[in-house]
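> What follows is a protein structure lacking sequence information:
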DNA sequence: TGACCAAGCGCC
DNA sequence: AAAGGGCGCTTGGTCA
């Protein structure tokens, strides 16, 4: 374990000396490092050129355990966990911004060992410690990967980015000005109304349309598209380009791209379902048009791998529904289901998605009835999750991640006149949670296994829910693609054991991300 | 002036 | 081709 200047492993005495060198030495035995917070301990090691293969992140584990134990929202830092053990005042979680305000004293190694021991005991007390141990391992591996991806960065060609922006917006404007193309569109909008209107202001737009005899509740794109007015076309174009300019324009690149690499800040488990979030850089919302900026280095390639139809496969495996699992043994799950839905692949797809997300529109009800009859266990699985949510109970993923409990506000609301609405909303959330959270676990397991199989110097450089990108030398492409496929099989074995459900990856090696798919 | 919220839209 | 849930991020606008 690593705590400040002290380095030791379980059952050993503290070792003196610079952490990086000691860690490098001990890493030869591939221990599982235990530390308070990967975000604090790992980046300095990476900077020193040291990588570790496995860890146990106390803070992430504490968060998972507290949620399982019905103590959602209690501080989850290792320091807080230690204070609770000792009956001391429990410090609030600090927003993790290293190097700002103050850096707390590192947690002593003895305290780290104490918290670890407590966590391991609590895990053993759970109904299925094996699954939860896998969850902890996967979450911790995710923390390593997130730190490494932040360190290595994703290839990002600033020259291509600049050319793309210039093509769409015009040359980079001086600070505070609109690019030429944006200004031209804004002028067109104003001309269409016959007076100046700020196209970034919802209020001004609604007022301007009202003056032109068009009543609008919102200025959402799909709403505007139904309106017949000369301002609509330039306004829609403006909105799209303005977003590009302010979200992923030159200023964004100045902040997030250095040395030909985009270095986002991932937040492992940042979404309640266990999906990752970002705390800057917007790595999970990069518009598709920007993918052409992501290019492999000379002599290297990008292996882009996408889990196909992940969520329905996860449901099939979890629910143990023989019929659905049989269909999920095929490459195209929806096509395999089509027969049950009158030969219509689209109907099968709508039925599955409605079951997982609580959809009610269009033909959903009719198709759900078919699903209930043909795939009763899968249907019942998500229905049970929805019922739990409506009743104010929590639900858990396959490995044991627990949904947040309902808020006090929700409990008030649900007993009021609009109670039915609040209950149904939460039912949709818990219905989706069990599937999305388990899919996130599968993806974490995939990445953890894949990371261990990658040949040096291949690197994971991007992760987006069910998609990964590996940057590697051209001559490693075949090996990496095979590793992706093997890792997917291993991830499904780890989570579900023997199952007819397959988890195919769509994998391609490309020099530019835009060429995938 | 800074804190906060809502709108809107990008990704899965 | 939709449908659902989840997020982050920027801007304008309000309030203290």
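Cool, the structure landed. Fair warning: this is a prediction, and the values are worked out from it, not measured in the lab. Numbers count the residues shown, from 1 in each chain, chains lettered A, B, ... in the order given.
> Identify the spatial nearest neighbour of residue A:347, chain neighbours not counted.
Nearest residue to residue A:347, sequence neighbours excluded (C-beta to C-beta, 6 or more residues apart in numbering): residue A:341, at 3.9 Å. Quick note: C-beta positions are derived from backbone N, CA and C, even for glycine.
> pLDDT at the residue of chain A most remote from its centre, what is it?
Here the centre of chain A is the reference, and by C-alpha atoms, centre = their mean the most remote residue is residue A:194, at 45.2 Å. Predicted confidence (pLDDT) for residue A:194: 88.
> Relative to DNA strand C, how far out is it?
Using C-beta to the nearest atom of the strand, to the nearest Å, residue A:194 is found at 19 Å from DNA strand C.
> give the contact list for that residue.
When contacts are counted by C-beta atoms under 8 Å, 6 or more residues apart in numbering, residue A:194 touches no other residue.
> what packs against the helix or strand where residue A:488 lies?
Using DSSP states H and E, residue A:488 falls within helix A:477-496. Packing partners of helix A:477-496 (3 or more C-beta pairs under 8 Å, 6 or more residues apart in numbering; DSSP states H and E): strand A:300-307, helix A:310-319, helix A:419-453, strand A:467-473, strand A:505-510.
> Nearest to DNA strand C, out of the ones you listed?
Checking the helices and strands packed on helix A:477-496 against DNA strand C by C-beta to the nearest atom of the strand gives helix A:419-453 as the closest, at 3.8 Å.
> ok and that closest one relative to strand A:467-473, angle-wise?
20 degrees (axes from the mean of the first three to the mean of the last three C-alpha atoms, to 10 degrees).
> Establish whether helix A:419-453 and DNA strand C are in contact.
Yes - with C-beta under 7 Å from any atom of the strand as the criterion, DNA strand C is reached by helix A:419-453 at A:425, A:428-429, A:432, A:436.
> From the recorded domain assignment, give the ranges for chain A.
Per automatic domain parsing, the structural domains of chain A span A:2-153, A:159-253, A:274-310+A:440-515, A:314-435.
> Just put those in a markdown table and tack on distance to residue A:260.
Below are the domains of chain A laid out as a markdown table (distance: least, C-beta to C-beta, whole Å):
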| stretch | distance to residue A:260 |
| --- | --- |
| domain A:2-153 | 8 |
| domain A:159-253 | 10 |
| domain A:274-310+A:440-515 | 8 |
| domain A:314-435 | 36 |
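> give the contact list for the nearest residue to residue A:350 once chain neighbours are set aside.
Among residues not flanking residue A:350 along the chain, residue A:367 sits closest, at 5.4 Å (C-beta to C-beta, 6+ apart). Residue A:367 is in contact with A:341, A:347, A:350-351, A:354, counting by C-beta under 8 Å, 6+ apart.
> Return the list of helices and strands in contact with the host helix or strand of residue A:235.
Using DSSP H and E, residue A:235 maps to helix A:232-248. Packing contacts for helix A:232-248, counted by 3+ C-beta pairs under 8 Å, 6+ apart, involve helix A:158-169, helix A:180-193, helix A:221-224.
> distance of residue A:456 from residue A:472?
To residue A:472, residue A:456 is 10 Å away according to C-beta to C-beta, to the nearest Å.
> Quick one: name the residues of the stretch 251-400 of chain A near DNA strand C.
Applying C-beta under 7 Å from any atom of the strand, we find that the stretch 251-400 of chain A lies next to DNA strand C at A:252, A:267, A:270-273, A:277-282, A:284-285, A:311, A:346-347, A:349-350, A:353-354, A:356-363.
> Going through those residues, which ones are buried?
Among these, those buried by neighbour count (16 or more other C-beta atoms under 10 Å) are A:252, A:267, A:272-273, A:278, A:281, A:284, A:311, A:347, A:349-350, A:353-354, A:356-359.
> coming back round to it: which one of the helices and strands packed on helix A:232-248 lies closest to DNA strand B?
So among the helices and strands packed on helix A:232-248, helix A:221-224 is nearest, using C-beta to the nearest atom of the strand, at 3.4 Å.
> contact partners of that closest one?
A:216-217, A:232, A:235-236, A:239.
> Swap in 6 Å and give it another go.
With contact meaning C-beta atoms under 6 Å, 6 or more residues apart in numbering, helix A:221-224 is reached by residue A:232.
> Can that helix be said to contact DNA strand C?
No - shown here: helix A:221-224 not in contact with DNA strand C (C-beta under 7 Å from any atom of the strand), separated by at least 8.3 Å.
> can you check stretch A:71-80 too?
No - contact of stretch A:71-80 with DNA strand C is not found when judged by C-beta under 7 Å from any atom of the strand; the minimum separation is 12.6 Å.
> Report the buried residues of that stretch.
A:72, A:75-80.
> Ok, stretch A:84-95 next?
Going by neighbour count (16+ other C-beta under 10 Å), the buried part of stretch A:84-95 is A:84, A:90, A:94.
> ok, the residues you listed vs DNA strand C, which is closest?
Out of those, the member with the shortest distance to DNA strand C (by C-beta to the nearest atom of the strand) is residue A:94, at 16.7 Å.
> quick one: which helix or strand includes that closest one?
Counting by DSSP H and E, no helix or strand carries residue A:94.
> how close does it sit to residue A:269?
The gap separating residue A:94 from residue A:269 is 17 Å, by C-beta to C-beta.
> do residue A:132 as well
Using C-beta to C-beta, we find residue A:132 at a distance of 14 Å from residue A:269.
> Please apply the same query to residue A:420.
When C-beta to C-beta is the yardstick, residue A:420 and residue A:269 sit 32 Å from each other.
> Residues of chain A that sit close to DNA strand B?
A:202, A:218-222, A:239-240, A:243, A:284-289, A:464-467.
> Buried only: go through those for me.
Here, 16+ other C-beta under 10 Å leaves A:219, A:239, A:284, A:286, A:465-467 buried among the residues of chain A next to DNA strand B.
> Next, format the residues you listed as a markdown table and append distance to residue A:444.
Below are these laid out as a markdown table (distance: C-beta to C-beta, whole Å):
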| residue | distance to residue A:444 |
| --- | --- |
| A:219 | 39 |
| A:239 | 35 |
| A:284 | 15 |
| A:286 | 21 |
| A:465 | 11 |
| A:466 | 11 |
| A:467 | 13 |
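> ok, of those, which one's closest to DNA strand B?
residue A:219 (3.5 Å).
> these two touch, right, residue A:50 and residue A:24?
Yes - because the distance of 4.9 Å satisfies C-beta atoms under 6 Å, residue A:50 is recorded as touching residue A:24.
> coming back round to it: ok, which of the domains of chain A comes nearest residue A:259?
Among the domains of chain A, domain A:2-153 comes nearest to residue A:259, with 7.5 Å by C-beta to C-beta.
> pLDDT averaged over the closest one, what's the number?
Across domain A:2-153, the average pLDDT comes to 84.
> neighbour count winner among residue A:420 and residue A:269?
residue A:269 (22 against 11; other C-beta atoms under 10 Å).
> in which helix or strand would I find the more buried one?
Applying DSSP H and E, one finds residue A:269 in no helix or strand.
> gap between it and residue A:37?
From residue A:269 to residue A:37 the distance is 12 Å (C-beta to C-beta).
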